[in-house]
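Q: task: produce atomic coordinates for the following.
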Amino acid sequence: KAKKEAEVKSSAAEDDRVMKDVIAPPRHPLSRAQLFPKGAKLPDLTVLKAHLLKEGRIDEELFIYIVKEAGKILQSEPNILHLKYPITVCGDVHGQFFDLARLFNVGGDPGDTQYLFLGDYVDRGCFSTECVMLLFSMKIFYPKTFFMLRGNHECRQLTAFFNFKDECLYKYSEKLYDTIMEAFDKLPLAAIVNDSFFCVHGGLSPDITTIEEISELNRFREIPRDGPMCDLLWSDPFEDDKNGKEANEDDSDSDEEAAETTWFGYNKTRQCSYVYGVEAVKQFLEENKMTSIIRAHEAQVDGYKMQMVNPQSKIPRVITIFSAPNYCDVYKNKAACLKFDNNVLNIKQFIETPHPYYLPNFMDVFQWSLPFVAEKVTDMLASVLDYPSDDEETEVETLRARSGMLKKKVMAVSKILRMYRILRQNNESIMNLKQLTPNHRVPLGLLSKGPEAIKKAIKGFESAKAIDAPNEVHPEFKNRKPRRGSRRFSKSGKMTSSSQNFKPLDHVDIVIEESDEKSK
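A: Sure thing, here's the model as predicted:
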């Protein structure tokens, strides 16, 4: 009895929080008995979602069990999924769990809505383990209506380079991380919706002419550094607004550059795989009797982007969808998902959901407070070196004549003091900025430009995207020399006889809605 009373008092003391409006996370991890009540065979998704929204952890052995069970289902699926209308297609999630929870409100209840996710469930955000747990639990609960493809971040190299592995080690252990990686190796590579839309994370490969060739790939492995499997997850459509710029950079080579950008060319942004142009897209769609390519892989300010529109049908040949709003907490972009029903393509936009804050890379409070401590230390040092006498200038001149060292030290300390003051005053903005930069460092010279430069660096989508550009590069191919575009597809655009008589869908209604259901 005395022990029980002590436990009650201890519990009451722990719940006696200074900020009463901030609800304490669940004290204990979610157990098997809670997730599978009364010996149920399927997980209780309502209990799980509520627990995760409170920042609750999962019993690690239970988490590993869920991942392995989902992996068994994924392993049984083919490289290419064949799905029918109606369906909701979603893009990158990137560890933004609270936005993922909102996505299911926008896209429809998974209980009566078929879902297809195009990959990139982890990294960048601080809640990737929560995303994996919820998505894999849904895969177990809805194995025939809930589908997940592989993205370029579902691999060991990127999850170690970014923050997913760190998150697993911080919240759980390396054992869980390794189990999740093994499950990621089993994710399908592509999907076909209603025999008309080719869905993939990145895009096309010059080494793949027909969709059937994807079925022959060995997907049960780490993503290779090049080749068709790499291209499906890493390639990008060529940006129309860059076409003229690249073609005119060197007039002597303009014809060759134009050919590369309409077919396949070197992917400067990723420094691996390719960019594919309109001729490559047309050839692939006609060869495989498809209408459009639905892909993810790139952040979009509106949550979606339509490219290479067919002038006859007005249907975009390439549609990019991105489902992580305010990406990395600085992009200020909307997110979107696609709802297909018959020939109606409904693009539903939504904005970010408030979420708990984690310090970058899960650093502790001591690391975070270093700028404050350093400012005080340098302030004291500056006071020691500061001479308050009236003859200060004379003394400084005398010291300069002797060695000049003291003044240099004073100037250096003053500069350091200013830097640390800027760090302290703009600590939150700098923390957000560090998440976008390679090695999590502030861009060289930015602090010396003052607070306004820091705010300008992350003020909007384009500035955030420019700073984040180095993180788009494949880690293994940084500073690698460009490779020339592939010529697998002929420039003549000749098609096989099977595609000569192909006629794509001649009409698709595209409706754009915001999350409040009001037409944009």
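Q: quick check: phi and psi on Lys465?
A: Here is the backbone geometry of Lys465 (degrees, to the nearest 10): phi -60, psi -40.
Q: Ser31 is in contact with Asp59, isn't it?
A: Yes: Ser31 is within contact range of Asp59, at 5.4 Å (criterion: CB atoms under 8 Å). To be clear about C-beta, it is placed using only N, CA and C from the backbone, and glycine gets the same treatment.
Q: out of these two, which sits in the busier spot?
A: Neighbour comparison, Ser31 and Asp59: the larger count goes to Asp59, with 17 against 12 (by other CB atoms under 10 Å).
Q: for the more buried one, which residues are in contact?
A: Asp59 makes contacts with 29-32, as judged by CB atoms under 8 Å, 6 or more residues apart in numbering.
Q: buried ones among those?
A: Using 16 or more other CB atoms under 10 Å as the burial test, these include 29-30 as buried.
Q: out of the contacts of Asp59, which sit inside helices?
A: Arg32 (DSSP state H).
Q: and what about Thr159, helix, strand or coil?
A: Put simply, Thr159 is helix when judged by DSSP: H, G, I helix; E, B strand; the rest coil.
Q: burial of it, as a residue count?
A: 22.
Q: coming back round to it: which one of the contacts of Asp59 sits closest to Cys199?
A: Among the contacts of Asp59, Leu30 lies closest to Cys199 (CB to CB), at 32.4 Å.
Q: looks to me like Ile510 is in a helix.
A: No: according to three-state DSSP, Ile510 belongs to no helix; its state is strand.
Q: give me the beta-bridge partners of it?
A: With DSSP bridges applied, Ile510 shows beta-bridge pairing to Leu345.
Q: so how far is Ile315 from it?
A: Distance of Ile510 to Ile315, computed by CB to CB, to the nearest Å: 8 Å.
Q: in terms of neighbours, single out the busier of the two.
A: Ile315 (21 against 16).
Q: give the closest residue to that one in space, chain neighbours not counted.
A: Val508 (5.1 Å; CB to CB, 6 or more residues apart in numbering).
Q: that neighbour - how many residues pack around it?
A: 19.
Q: same check, this time on the one 5 residues further on
A: One way to gauge burial is a neighbour count; for Glu513, by other CB under 10 Å, it gives 17.
Q: Pro86 too?
A: 16.
Q: do a quick rundown of the helices in the stretch 251-400 of the chain.
A: 254-262, 278-288, 365-385, 392-402 (DSSP state H, counting those that start in this stretch).
Q: quick check: Ile208 touching Gly202?
A: No: contact criterion CB under 8 Å: Ile208 and Gly202 do not qualify, at 11.8 Å.
Q: of those two, which one has the most company?
A: Gly202 (27 against 21).
Q: contacts only, for the more buried one.
A: 152, 231-236, 273, 295-297.
Q: can you give me the strands for the stretch 151-300 of the chain?
A: Taking DSSP state E, counting those that start in this stretch as the criterion, the stretch 151-300 of the chain carries its strands at 190-193, 197-200, 236-237, 264-266, 274-276, 292-295.
Q: which among these is found nearest to Ile214?
A: Among those, the nearest to Ile214 by CB to CB is strand 190-193 (5.5 Å).
Q: for Ala469, give me the pLDDT.
A: With respect to pLDDT, Ala469 scores 82.
Q: numbering from 55 from now on, please.
A: That works, and once the first residue is 55, the last one we named lands at Ala523.
Q: if we can go back for a sec, intersection of neighbour lists for Ile262 and Gly256?
A: 285-286.
Q: for stretch 178-191, give the mean pLDDT please.
A: For stretch 178-191, the per-residue pLDDT averages 97.
Q: same question but for stretch 242-249, I mixed them up
A: pLDDT averaged over stretch 242-249 gives 97.
Q: what residues sit buried inside that stretch?
A: 242-248.
Q: same deal with stretch 338-347?
A: 338-342, 344-347.
Q: circling back to that earlier point, winner for burial among the strands of the stretch 205-354 of the chain?
A: strand 328-330 (a mean of 29; mean count of other CB atoms under 10 Å).
Q: which other helices and strands does that one contact?
A: strand 290-291, strand 318-320 (3 or more CB pairs under 8 Å, 6 or more residues apart in numbering; DSSP states H and E).
Q: pairing partners for the shortest one, with directions?
A: Paired strands of strand 290-291, with direction, are strand 328-330 (parallel) (DSSP bridges).
Q: the last one too?
A: Using DSSP bridges, the strands paired with strand 318-320 are strand 328-330 (antiparallel).
Q: what's in contact with the strand it pairs with?
A: Under CB under 8 Å, 6+ apart, the answer for strand 328-330 is 257-260, 285, 289-293, 315, 317-323, 539-540.
Q: how about 7 Å then?
A: 257-258, 260, 285, 289-292, 318-319, 321, 539-540 (CB atoms under 7 Å, 6 or more residues apart in numbering).
Q: which pair in those spans the largest distance?
A: Longest span within those, CB to CB: Pro291 and Ser540, 15.4 Å.
Q: show me which helix or strand of this protein is least confident by mean pLDDT.
A: helix 551-554 (a mean of 41; mean pLDDT, DSSP states H and E).
Q: ok, back up a step: comparing the strands of the stretch 205-354 of the chain, which yields the minimum mean pLDDT?
A: strand 318-320 (a mean of 92).
Q: and the gap between Tyr231 and Asp75?
A: Taking CB to CB, one finds Tyr231 at 34 Å from Asp75.
Q: isn't Met235 right next to Arg210, touching?
A: Yes: look at Met235 against Arg210 with CB atoms under 7 Å: they come within range, at 5.4 Å.
Q: just want to know which of those two has more residues nearby.
A: Higher neighbour count among Met235 and Arg210: Met235, with 19 against 16, using other CB under 10 Å.
Q: enumerate every residue touching the more buried one.
A: Contacts of Met235 (CB under 7 Å, 6+ apart): Arg210.
Q: the one 4 residues further on now?
A: Asp239 makes contact with 274-276, according to CB under 7 Å, 6+ apart.
Q: can you tell me how far it is from Pro140?
A: Applying CB to CB to Asp239 and Pro140 gives a distance of 30 Å.
Q: residue ranges with poor pLDDT in the stretch 255-404 of the chain?
A: Low-confidence segments of the stretch 255-404 of the chain (pLDDT under 70): 294-314.
Q: ok, 50 please
A: Applying pLDDT under 50 to the stretch 255-404 of the chain picks out residues 296-308, 310-314.
Q: same check on the stretch 105-254 of the chain?
A: If you take pLDDT under 50 as the line, the stretch 105-254 of the chain has no such spans.
Q: what ranges does it have for its helices?
A: Using DSSP H, counting those that start in this stretch, helices in the stretch 105-254 of the chain cover 114-130, 151-161, 182-195, 210-215, 218-225, 228-238.
Q: understood, closing this out.
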